[in-house]
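Q: need a 3D model of the following:
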Amino acid sequence: MAEIIIVRDPDEAGAIAADEIVRLIRANPRAVLGLATGSTPLPVYEALRPRVAGLDVSRVRGFALDEYVGLDPAHPESYRSVISREVVEPLGLDPALVRVPDGSLDGIEHAGDDYERAITEAGGVDLQLLGIGTDGHIGFNEPGSSFASLTRVKTLTEQTREDNARFFDRVDDVPRHCITQGLGTIMRARHLVLLAFGEGKAEAVAGAVEGAVTASLPGSAIQLHPHATVLVDEAAASRLAHADYYRYAYANKPAWQGL
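A: Residues are numbered from 1 along each chain as shown. So this is what the prediction gives:
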C-alpha cells in the first residue's frame, strides 16, 4: 500500500517532497521529474527554490502531466506557460529539457504517441508529482479511464472544468479537451508522490488509498504501485479510517527508509 503521511499544512508537505527531490537530483543529476500543475504542487516548487540554490540542476529533465487542447501555448493558463513560470524559471532548469504535451490541433492525432516516445527515450520518470481531483482524477484521467491508458486526448468533465475555472475569467473559457499522460504512463514512474489539501479532497483521498481499486476512481490506481507516497493535511485526511495508524507508522519510521 501507499505510505500515507499526515502533515500540519501544505508547507510541511512541500518541504518533505522537496527534500526527496533534492536527494534524487544529488544521486542522479540527470533525474527525470514528472511535473504536476494547479495549486496543489505549488508548496513543493516553493520549497525547492532555496534548496536548489548552489545545486547543479542543468541536466535535470522534466515531463508535465498534461496540457489543454487548442489553447495557445502563450496563454498564461496553458500548462506550458504555467510550468515555465512556476517551475523552470524559478528553479533554473534548462527549458529545452522540460517537455509539455503538445496540445496544438495540428498533429494532435499523434501527439500522445510522440510524448510516450519522449518519456521512454529519457529513461522514464523517476519521481512523479500528482494532485487528485474532487472526483478522484489524477492527471486529467477522469472516472472511467483505463488503468492501462497511455498519453491521449480526453474530454474533461463539467466538474473538472468548474474546478479549473478559478484560473480563467469564466468557466466557458476552460477548454473541453486535454492531452494527458494515461494511468498506465503514470504508473510506470518509479516513485509517485501524491499531495492533497483541504476538506474538499477528503472523500477522494479516502477512496483512493482505502477504497476499492476501480476505474471509477482513477486515483485508486496508486494502490497498485510499489512505491507511492501520499502527503495530506489534516483536513484532507479527515475521512481516513486508519489515520491513527498512518501517524504512528510515520512517527516510528526507520530513518534509513527515506521517503
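Q: C-alpha only now, for contacts and for neighbours.
A: Fine.
Q: quick one: low-confidence parts of the stretch 51-200 of the chain?
A: Judged against pLDDT under 70, the stretch 51-200 of the chain has no low-scoring part.
Q: please enumerate the strands of it.
A: Using DSSP state E, counting those that start in this stretch, the strands of the stretch 51-200 of the chain run over 61-64, 66-68, 98-99, 127-130, 152-155, 177-180, 191-196.
Q: so which elements touch the fourth one?
A: It stands for strand 127-130. Counting contacts by 3 or more CA pairs under 8 Å, 6 or more residues apart in numbering; DSSP states H and E, strand 127-130 is packed against strand 32-35, strand 191-196.
Q: show residues contacting the helix or strand following the last one.
A: So that's strand 191-196. Remark: after strand 191-196, the chain's next helix or strand is helix 202-210, criterion DSSP states H and E. Here helix 202-210 makes contact (CA atoms under 8 Å, 6 or more residues apart in numbering) with 1-2, 132-136, 196, 217-223, 235-241.
Q: need the helices and strands packed on strand 127-130 in CSV (columns: distance to residue 26 and mean neighbour count).
A: Converted to CSV, the helices and strands packed on strand 127-130 look like this (distance: least, CA to CA, whole Å; neighbours: other CA atoms under 10 Å):
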stretch, distance to residue 26, mean neighbour count
strand 32-35, 12, 24
strand 191-196, 16, 24
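Q: possible to save the ones you listed as TSV with distance to residue 87?
A: TSV is the format used below for these (distance: least, CA to CA, whole Å):
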stretch	distance to residue 87
strand 32-35	9
strand 191-196	17
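Q: which of the contacts of helix 202-210 fall within strands?
A: Taking DSSP state E as the definition of strands, the contacts of helix 202-210 contribute residue 196.
Q: out of the contacts of helix 202-210, which are buried?
A: 2, 132-136, 196, 217-223, 235-240 (16 or more other CA atoms under 10 Å).
Q: hang on, the earlier thing: distance to residue 141 added to the strands of the stretch 51-200 of the chain, as a markdown table?
A: Output for the strands of the stretch 51-200 of the chain, formatted as a markdown table (distance: least, CA to CA, whole Å):
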| stretch | distance to residue 141 |
| --- | --- |
| strand 61-64 | 14 |
| strand 66-68 | 10 |
| strand 98-99 | 19 |
| strand 127-130 | 12 |
| strand 152-155 | 7 |
| strand 177-180 | 7 |
| strand 191-196 | 15 |
